[in-house]
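K.L.:
need a 3D model of the following:
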Amino acid sequence: MSERPVHEHIRELSLVLVELSDKVLQNFFEALQAMKNRDEQSARRIRMVDNEIDMAEVNLEEQCLAFLALQQPVARDLRTIVTIIKINDDLERIGDLAVHIIDRIPEIGSEMLESFEFESMGTRAGEMVRKSIEAFVKRDRNLADEVCALDEQIDIMHRKVFKRVTSLMKPPEAKTDELIAALSISRYIERMADHATRIAHEVIYLVTGEIVRHKDSSFEKLIESLKE
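P.N.:
Below is the predicted model of the structure:
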């Protein structure tokens with residue numbers, strides 16, 4: 001590893017990360033379709049792919065740690081490797097969310113699923129992840145900021161699901177189990193958007209050296225949600 005230029009190793013690790021992100025996103029979108037179509041065969045394939053994602057995540061982390069130990073990078077190179085490690089972890093967690101979604105398929109009927117906008121919500125969250133990875137590749141601070149701004153849209157959609165589920169649970173004849181499953185699916189998609197935002201924050205750190213993940217409006221969002 002030490003015989004090759006540092007920038008070549010970093011470019012190689014970055015490409016592996018991008019390839020992993022493509023696999024994670026494809027599996028997530030397939031999970032949305034499997035949920036929509038109640039496709040158990042696709043669900044089994046999604047679980048298998050998630051196992052591959054888990055192994056790839058561990059392998060990439062090991063490569064990054066070996067790079068740190070052998071090359072001892074500093075400044076921008078060190079930030080890049082740290083960023084890759086953190087994004088790698090977020091991608092693995094997004095992969096888990098795809099499995100969590102398909103795990104809910106037996107718990108919710110087609111009619112209940114169709115009454116919510118999970119496909120639209122999931123597509124938006126997936127595009128956030130795609131844009132955050134694009135921001136990493138291009139080292140684009142503006143694109144990272146755009147991802148952070150989009151997170152509020154997913155939060156609004158999730159709050160609407162929460163309010164609707166709460167309302168539908170009130171009648172004695174309410175389909176409580178299905179409603180809980182619906183709320184869980186919404187929460188998984190909302191978490192995916194959160195991970196996309198985390199990736200965007202790491203890109204901002206990479207580009208500027210500034211740690212921004214605790215400088216967002218989370219506290220203000222909490223206050224506003226309590227007022228609603």
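
K.L.:
which non-adjacent residue is nearest the residue nearest in space to the middle of the chain?
P.N.:
Nearest to the mean C-alpha position of the chain, by CA atoms, centre = their mean, lies M192 at 3.4 Å. Leaving aside its sequence neighbours, M192 sits nearest to A125 (CB to CB, 6 or more residues apart in numbering; 4.4 Å). C-beta here means a position set from N, CA and C on the backbone, and glycine is covered the same way.

K.L.:
so where's the chain shaky on pLDDT?
P.N.:
Counting by pLDDT under 70, the ranges of the chain that qualify are 1-4, 213-228.

K.L.:
what's near enough to touch the residue nearest to M192?
P.N.:
154, 189-190, 192-193, 196 (CB atoms under 8 Å, 6 or more residues apart in numbering).

K.L.:
please check these and keep the buried ones.
P.N.:
154, 189-190, 192-193, 196 (16 or more other CB atoms under 10 Å).

K.L.:
how close does the residue nearest to M192 sit to D140?
P.N.:
Distance of A125 to D140, given as CB to CB, to the nearest Å: 20 Å.

K.L.:
one step back: flag every buried residue along whatever helix or strand the residue nearest to M192 lives in.
P.N.:
Using DSSP states H and E, A125 sits within helix 118-138. By 16+ other CB under 10 Å, the buried positions in helix 118-138 come out as 118-119, 121-122, 124-126, 128-129, 131-136.

K.L.:
tell me the one of those nearest I81?
P.N.:
Within those, the smallest distance to I81 is 12.7 Å, found for F136 (CB to CB).

K.L.:
which ones are touching that closest one?
P.N.:
F136 neighbours (CB under 8 Å, 6+ apart): 14, 17-18, 83, 87, 199, 202-203, 206.

K.L.:
now it: how far from I87?
P.N.:
Per CB to CB, F136 is found 6 Å from I87.

K.L.:
shared neighbours of those two, anything?
P.N.:
With CB under 8 Å, 6+ apart as the test, F136 and I87 both reach 17, 199, 202.

K.L.:
so can I have CSV of those residues showing secondary structure and neighbour count?
P.N.:
Below are the shared contacts of F136 and I87 laid out as CSV (DSSP: H, G, I helix; E, B strand; the rest coil; neighbours: other CB atoms under 10 Å):
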residue, secondary structure, neighbour count
L17, helix, 23
I199, helix, 27
E202, helix, 26
